[in-house]
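[1] Make a model of this:
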Amino acid sequence: MNGLPDKIALTIRTYWHAARAIARQFNAEKIAGIRNAKLQRLIDYCFDNIKYYRETFSKAGIAPGQVRNAADLARLPFLTRDELRSRFWDFLPRELPACRTSRTSGSTGVPVCLLSDRRSRIFNSAAVIRYRRALGVGLCGKPILTPLKNEDEPNKQPHWTFLQGIHKTYYINPYNGLADNIEYGTQLLQKLKKPVLIGITPAIRALAYKIRDGVFPPFQPSVILTTGEVLEPEVRELLECTFKAMVADIYACNEAGDVAWQCRCARGYHINADNVIVEIVRDDKPVEPGEIGQVVITNLNRYAMPIIRYKNGDLARLSAEPCPCGCSLPMIAEIVGRTGEDISLPDGRTVPWNRLKGLMNHPQVRQFQLVQQADGSLTIIYVPENHADRQVIEMETLLRTRFEDLLGPAMPIQMEKVDQIAPAPSGKIKLVISNYKPNQ
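    So this is what the prediction gives:
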């Protein structure tokens, strides 16, 4: 099938799987049954069709029949980004189905090319329909507003979308300061009535600031769905106060699609366990619920380029507590994510990036980025709140003192005030960047 008939068939099949996913989300036994059945089928397929897994399974002394449930995954080796990139062709099946190509954002290094087949897109879209319904977004009718990722991204015309529900999607650029863009955005926000605001966290945050600064008129979405970057508490508060709407965060990655989502209770993230298996490990061993470790993901639906026990570079912690909403999908308590690089000090010590970002907490700092230069010095780039000019000197003195206390007097520190920190083409903004290579 091609063209419209194919799209209609794809959409109907997706809606059918979405209805089944919604029906079983309160039944832990059914979820586990679906998960294990998919895992068994995937392992058998990889052993017969994927060179990389056939070699790694054999080297580990594992036969396909020995991996029948999520607990058995621990017998398989981990998959790293370097392996996925360097052995790309070994992950492709003998008969490659029609698929789409995408790339990771490259926020932790060189981007990785990924292939997704029709099957994986169907099940991922069904999961999207499930969590949207849980957040009050029905299958059809609600307009969707999506902020563009950066200033250079070309404006997109409104269009109808069908695979994840029947909605008309509109776009707005919160980074472009040209008069015609502001006029278009102003008219659009005045026209839309309680749209669903969906986009990557930095872009929605940028839109919120444009509204606070009076560039765009205020409007109230029916709900806000953020993704692509860890949703910090202060950013959630900014969005809730600016838009007067509920904020739900979605944890997703290109390698596995939509992994987990927040419901109205916002007590954690419901894992789409019928699509993906999430493990949390430290030193390559499982951690106890509540402990922070590395995220390891197995995509149960991707056959064009299977992803099994993949370390995606994020940190998180699982939760053993059920959600008050009653949903039986397992929970992630917290997504720590990865939005920076560790920096090296003159004395050889390494300071984790997440210890640095907390030092920038200040009511007059709107946005920041910490850059360790090639000579080892640190540049603190920041965007102040509007009308903060009188407090800049005191604020810089305070921030410099905080960093000197942590890093020591031997680390040269420069302050740089800017009007805006441009996001990368992916729309993300890495909070801590290190260009210092001490071993070189």
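[2] just the strands in the stretch 301-440 of the chain please.
    Under the criterion DSSP state E, counting those that start in this stretch, the stretch 301-440 of the chain contains strands at 310-319, 331-335, 343-344, 350-351, 365-372, 378-384, 413-417, 432-434.
[3] Can I get the longest one in PDB, CA atoms only?
    In PDB, the C-alpha atoms belonging to strand 310-319 read as follows (Å, rounded to 0.1, in the frame of the first residue of the first chain):
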ATOM      1  CA  TYR A 310      21.600   0.400  25.800                       C
ATOM      2  CA  LYS A 311      23.300   2.900  28.200                       C
ATOM      3  CA  ASN A 312      22.000   6.200  27.000                       C
ATOM      4  CA  GLY A 313      24.100   8.400  29.300                       C
ATOM      5  CA  ASP A 314      21.300   9.500  31.600                       C
ATOM      6  CA  LEU A 315      20.900   9.100  35.300                       C
ATOM      7  CA  ALA A 316      17.700   8.200  37.100                       C
ATOM      8  CA  ARG A 317      16.300   6.400  40.100                       C
ATOM      9  CA  LEU A 318      13.400   3.900  40.200                       C
ATOM     10  CA  SER A 319      10.500   4.000  42.600                       C
END
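[4] can you put the strands of the stretch 301-440 of the chain in JSON lines and add mean pLDDT, mean neighbour count and distance to residue 124?
    Backbone N, C-alpha and C define where each C-beta goes, glycine included. Conversion of these to JSON lines gives the following (pLDDT from 0 to 100; neighbours: other Cβ atoms under 10 Å; distance: least, Cβ to Cβ, whole Å):
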{"stretch": "strand 310-319", "mean pLDDT": "92", "mean neighbour count": "20", "distance to residue 124": "16"}
{"stretch": "strand 331-335", "mean pLDDT": "94", "mean neighbour count": "19", "distance to residue 124": "17"}
{"stretch": "strand 343-344", "mean pLDDT": "87", "mean neighbour count": "21", "distance to residue 124": "36"}
{"stretch": "strand 350-351", "mean pLDDT": "84", "mean neighbour count": "16", "distance to residue 124": "37"}
{"stretch": "strand 365-372", "mean pLDDT": "90", "mean neighbour count": "20", "distance to residue 124": "31"}
{"stretch": "strand 378-384", "mean pLDDT": "93", "mean neighbour count": "19", "distance to residue 124": "35"}
{"stretch": "strand 413-417", "mean pLDDT": "93", "mean neighbour count": "13", "distance to residue 124": "41"}
{"stretch": "strand 432-434", "mean pLDDT": "88", "mean neighbour count": "21", "distance to residue 124": "31"}
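[5] possible to save these as JSON lines with distance to residue 161?
    Conversion of the strands of the stretch 301-440 of the chain to JSON lines gives the following (distance: least, Cβ to Cβ, whole Å):
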{"stretch": "strand 310-319", "distance to residue 161": "27"}
{"stretch": "strand 331-335", "distance to residue 161": "26"}
{"stretch": "strand 343-344", "distance to residue 161": "42"}
{"stretch": "strand 350-351", "distance to residue 161": "44"}
{"stretch": "strand 365-372", "distance to residue 161": "31"}
{"stretch": "strand 378-384", "distance to residue 161": "33"}
{"stretch": "strand 413-417", "distance to residue 161": "41"}
{"stretch": "strand 432-434", "distance to residue 161": "35"}
